[in-house]
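> Dropping the sequence and predicted coords here.
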Amino acid sequence: MANGNFTRVTEFILIGVSERPDLQIPLFFVFLVIYGLTVTGNLSIITLTSVDSRLQTPMYFFLRHLAMVNLGNSTVIAPKMLINFLVKKHTTSFYECAIQLGGFLIFIVAEIFVLAVMAYDRYVAICNPLLYMAVVSRRICLLLVSLTYLYSFSTSIVTSFSVFSMAYCSFNVINHFYCDIVPLLALSCSNTSFPETVVFISASTNLMFSITVVVASYFNIIVSILRIRSSEGRKRAFSTCASHMTAVSVFYGTLLFMYLQPRNNHSLETDKMASVFYTLVIPMLNPMIYSLRNKDVKAALKRFLTNSCC
């Protein structure tokens, strides 16, 4: 880097999860296992829901797209992170950083709305079962998913542009393991009120809308379940909802913690740990929460393995 306070930044240095040299190799193996399980689990869900004729329902259609989003989100972050554990120079170019942030935003926003769509799907299935195939038809499913991806891509473009249109002068060390909004804006030498406003409005609008859909859907689901006379039926339905709501609560709670607080209240170290959770751990857990405990998916996996061996 050239000397001077206003030298244009052409690359960033990522500090990573930890600066301690003795932890780099152990952390590499920990996150390699996490990423390996994420890829295996989500690819399994994508494959099974694509090839098994008994899983061609709206619920599994949305589950397939959730798996695709989870896989994409982890893949945007994990490979670069794993490489940085093994090398001494943790640099990333200005444009590579912008692409990583853009990709991350596409998948994280898409996940927010796919979760909301999945909650709505369960609401219709439980509260209006006779209208289910009409309300959640294949055409509606494709429309909802297409709108989700289009909106997430548009949000990513606007937000990334607002962040990288700021001036970054000389100091280029990002206290994070990937290019995220908060640590990037902390490096800017210009007034960051505009991108901060864009991020706050976008994040709060997205979260409030999707949380409203999820809460309203599950409120009606719970009311409907309480009307079921069979205790076994209620128990089974509540068990399914509890798993989904646990995952949704953790995901939304982490995002609310990360993005809906003023900048001066941010602890970058705390945010870094929260980021590990929703970028790497949750995508690993989702296949287990949503599918691998599901009897239909287990049966589909057995059929797939049996046909593959024949």
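Alright, I've got the coordinates.
> what about this structure, any weak spots by pLDDT?
The model of the chain has pLDDT under 70 over residues 1-7, 237, 239-243, 258-268, 292-293, 310.
> Could you say which helix or strand holds the residue nearest in space to the middle of the chain?
Most central in the chain under CA atoms, centre = their mean is residue 108, positioned 4.0 Å from the mean C-alpha point. Using DSSP states H and E, the element containing residue 108 is helix 94-127.
> how far is that helix from where the chain is centred?
6 Å (CA atoms, centre = their mean, to the nearest Å).
> Over to stretch 223-240?
Worked out by CA atoms, centre = their mean, stretch 223-240 lies 30 Å from the chain centre.
> try stretch 200-215
The answer for stretch 200-215 is 14 Å, by CA atoms, centre = their mean.
> Just the buried positions in it, please.
202, 203, 206, 207, 210, 211, 213, 214 (16 or more other CB atoms under 10 Å). C-beta here means a position set from N, CA and C on the backbone, and glycine is covered the same way.
> Go through the residues you listed and flag which are in helices.
Counting by DSSP state H, these place 202, 203, 206, 207, 210, 211, 213, 214 in helices.
> Now do the buried residues in the helix holding residue 108.
Neighbour counts using 16+ other CB under 10 Å place 94, 97-98, 100-126 of helix 94-127 among the buried residues.
> What is that helix packed up against?
Contacts defined by 3 or more CB pairs under 8 Å, 6 or more residues apart in numbering; DSSP states H and E place helix 94-127 against strand 11-14, helix 58-86, helix 132-135, helix 138-164, helix 181-187, helix 193-226, helix 231-259.
> Tell me if I'm right that residue 149 and residue 109 touch.
No: in this structure, residue 149 is not within contact of residue 109 by CB atoms under 8 Å, at 9.4 Å.
> about what we covered before: pull the contacting residues for the residue nearest to the centre of the chain.
Counting by CB atoms under 8 Å, 6 or more residues apart in numbering, residue 108 touches 73, 255, 278, 279.
> what's around the third one, how many residues?
It refers to residue 278. By other CB atoms under 10 Å, the residues close to residue 278 number 20.
> Might you calculate how far stretch 117-131 sits from the centre of the chain?
Put simply, stretch 117-131 sits 23 Å off its chain's centre (CA atoms, centre = their mean).
> All set, thanks.
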